[in-house]
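A.B. asks: I would like the atomic coordinates for the input below:
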Amino acid sequence: MPKKNNAPTQAELQAIAARLRPGQRETVATGIYMTRDSSGRLRFQWRARVAGGGSRNAGGTKDSYELAVAARDKRLQRKHDSKQNRRERGLRMPLEQLMADHWLEHVLTLEDNTQLDYLSAWNKDIYPYFKGVKLEALLDFEPEEWDEWDKWLKKRHTKPDGTLARSAVEKAYNVLGRLLGFGVEEELLPFNPLESVQSRRRRRDREARKRAARQSEERVVLRSEVPTPTQIERIRLWLPGRDPLERMTRRTLVSVLGWAGLRPGEALYLRWHHLRDPFGPLGYIMVRGAVKDIAGNLQEGDTKTHTVRDALSFPFLDAELDALYQALGAPRLGARVFPNREGQPARWDNFRQRTWYTALHRAGIAEQPEAKATGAFYPYRLRHHAASLLLHAERPGGGRYSHAKVADSLGHTEQVLVQTYSRIVDDDVLDAGGHTVEEIALAARRRVFGPLPGDPDYRDVELTTTETAALTGISVSAVCARCARGSLPARSENGRYLISEYDLMMAGLLDPSDRRG
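C.D. replies: Alright, predicted model coming up:
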């Protein structure tokens, strides 16, 4: 073991390294420790008491003994540097110098993903705007000057569909706040000028979101904003997916939104015990919370109106949800109904951008698979479809649903329901009167899909791979490949694949009008 106050020789370092096991640490010099991490890599940790009396310590980890010594000595020099000198030097320092000469060393000790996040925000959203600005000037920034940066950030991170990427904006504020906070810790700044700005900004944004929520609830829905039952079913038919199970899951999600009227976050929150028990469907949907995107992080919380309710369901919807449950292998009742691949909450923005607008285009509703295309509409309008049906459709036992019942099912107050749908309450835009929701849904599916399994006139027509290739324009080898990997259901007979017209249609490869069965 080398003496603490003497620099170890290379031979001594090698000897210590040879006996170190993962997780062990050994002192090699004053304030310098050699350790071996869980992957077997040698690291050198350094510690320096910089404020005397043990009141303040600094430290870090380096890849070599020399780098650790240099970092330790640099910190120890602060004992001979007065607070006033550091403060005066810091105020004359441009923001990029604080980053390069001080904070960057700390950032490079963090996890790789954290480094990427911090450096990306710095390079894209902080340095280009504050280049050359000294710390002294930042201390004197007026609220209006910070607002200019906020506007610049939001302009940069507004998506093509007009929505704001809040997570990117929050990340920029977070990284700049950490950088300035580090300057305060290093006694280069008297205070963090962003703290008061953050409080004011968050309060302002919170109020803006509340106003937007109230306006969303109170805005009168136009009849042109209500999709038709046929449009709902065409969208379901043409939803893309990698395999039958993914397409089935996405179609069921659209059914829950368009026929039961749940909000997207409420649907993504659902567990199986919210709509079934061990013996089968409950006949209604328990809405107990919602998944929300907060600064890019998905969190579970209350519904939009902070209430719980039991939404109306229907036999065809219960059957669809039960078929999905069975197709998934009857998962535990606490599992999510609409999870991502890891079983965690699915991201609604991903579904909207990658799946929804593609389906609108393939269904012939939108001219292009994008939000701004002619004919495209935001999927929240599915809820307007459910509301319009419930306001005019017949109940299974006769009579119409009361406004109170419809409001409760949708998670509105009766007053908000009547106000939001004031142009639809007395105008049956979907011609739902005299029919139940079940009858309307099944008729729409019949119009779009044609005869379905279980219908008396359904006829199962099977095609060879050659016939399938001729009908779809896909090569025979590509058809066989899809059958082999399971993305296209098929039956194997005498060494060849047979594909039903129904499965071909459900895979989005055959227009229902081209079916022979």
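A.B. asks: so what does the helix or strand harbouring residue 419 touch, helix or strand wise?
C.D. replies: Per DSSP states H and E, residue 419 falls inside helix 414-420. If contacts are counted by 3 or more Cβ pairs under 8 Å, 6 or more residues apart in numbering; DSSP states H and E, helix 414-420 sits against helix 194-218, helix 403-410. (Glycine included, C-beta is placed from N, CA and C.)
A.B. asks: what about 10 Å?
C.D. replies: In terms of contacts (3 or more Cβ pairs under 10 Å, 6 or more residues apart in numbering; DSSP states H and E), helix 414-420 is packed against helix 194-218, helix 381-392, helix 403-410.
A.B. asks: just the strands in this protein please.
C.D. replies: Assigned by DSSP state E, the strands in the chain fall at 25-29, 32-36, 42-49, 57-62, 276-277, 280-281, 284-287, 290-294, 297-301, 309-312, 462-464, 491-493, 496-500.
A.B. asks: so what's the closest residue to residue 91 other than its chain neighbours up against?
C.D. replies: Spatial nearest neighbour of residue 91, excluding adjacent residues (Cβ to Cβ, 6 or more residues apart in numbering): residue 136 at 4.0 Å. By Cβ atoms under 10 Å, 6 or more residues apart in numbering, residue 136 lies in contact with 88, 90, 91, 92, 93, 189.
A.B. asks: could you measure from the fourth one over to residue 341?
C.D. replies: Distance from residue 92 to residue 341, counting by Cβ to Cβ, to the nearest Å: 52 Å.
A.B. asks: of the strands of the chain, which stretch is the most buried?
C.D. replies: With neighbours defined as mean count of other Cβ atoms under 10 Å, those peak in mean count at strand 284-287, which reaches a mean of 21.
A.B. asks: name the residue closest to the centre of this structure, please.
C.D. replies: With distances taken as Cα atoms, centre = their mean, residue 347 lies nearest the centre of the chain, 3.3 Å away.
A.B. asks: correct me, but that residue touches residue 291?
C.D. replies: Yes. Counting by Cβ atoms under 10 Å, residue 347 touches residue 291, with 9.0 Å between them.
A.B. asks: out of residue 92 and residue 341, which sits in the busier spot?
C.D. replies: More crowded of residue 92 and residue 341, by other Cβ atoms under 10 Å: residue 92, with 11 against 7.
A.B. asks: and the residue lying closest to residue 75 once chain neighbours are set aside, how far from residue 70?
C.D. replies: Nearest residue to residue 75, sequence neighbours excluded (Cβ to Cβ, 6+ apart): residue 48, at 4.0 Å. Distance, residue 48 to residue 70, using Cβ to Cβ: 12 Å.
A.B. asks: where does pLDDT dip in the protein?
C.D. replies: Scanning the chain for pLDDT under 70 picks out 1-6, 50-57, 77-83, 161, 209-218, 294-296, 517.
A.B. asks: for residue 372, grab the count of nearby residues.
C.D. replies: Residues contacting residue 372 under the criterion other Cβ under 10 Å number 11.
A.B. asks: same deal with the one 10 residues further on?
C.D. replies: Neighbour count for residue 382, taken as other Cβ under 10 Å: 29.
A.B. asks: go on, residue 479?
C.D. replies: 25.
A.B. asks: and of the helices and strands packed on helix 414-420, who's closest to residue 438?
C.D. replies: The closest approach between residue 438 and any of the helices and strands packed on helix 414-420, judged by Cβ to Cβ, belongs to helix 381-392 at 10.7 Å.
A.B. asks: tell me the contacts of the residue nearest to residue 21 when sequence neighbours are not counted?
C.D. replies: Take residue 21 and drop its neighbours on the chain: the residue closest to it by Cβ to Cβ, 6+ apart is residue 36, 6.5 Å away. Residues in contact with residue 36 (Cβ under 10 Å, 6+ apart) are 16, 17, 19, 20, 21, 22, 23, 24, 25, 26, 42, 43.
A.B. asks: if we can go back for a sec, right, and the helices and strands packed on helix 414-420 - which one's nearest residue 486?
C.D. replies: Of all the helices and strands packed on helix 414-420, helix 381-392 sits nearest to residue 486, with 29.4 Å by Cβ to Cβ.
A.B. asks: okay, the angle between the closest one and helix 403-410?
C.D. replies: In terms of direction (axes from the mean of the first three to the mean of the last three Cα atoms, to 10 degrees), helix 381-392 departs from helix 403-410 by 150 degrees.
A.B. asks: quick check: buried residues in helix 381-392?
C.D. replies: When neighbours are counted by 16 or more other Cβ atoms under 10 Å, the buried residues of helix 381-392 are found to be 381, 382, 383, 384, 385, 386, 387, 388, 389, 390, 391, 392.
A.B. asks: in a markdown table, list those along with distance to residue 415.
C.D. replies: A markdown table is the format used below for the buried residues of helix 381-392 (distance: Cβ to Cβ, whole Å):
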| residue | distance to residue 415 |
| --- | --- |
| 381 | 22 |
| 382 | 23 |
| 383 | 18 |
| 384 | 18 |
| 385 | 22 |
| 386 | 19 |
| 387 | 14 |
| 388 | 18 |
| 389 | 21 |
| 390 | 17 |
| 391 | 15 |
| 392 | 19 |
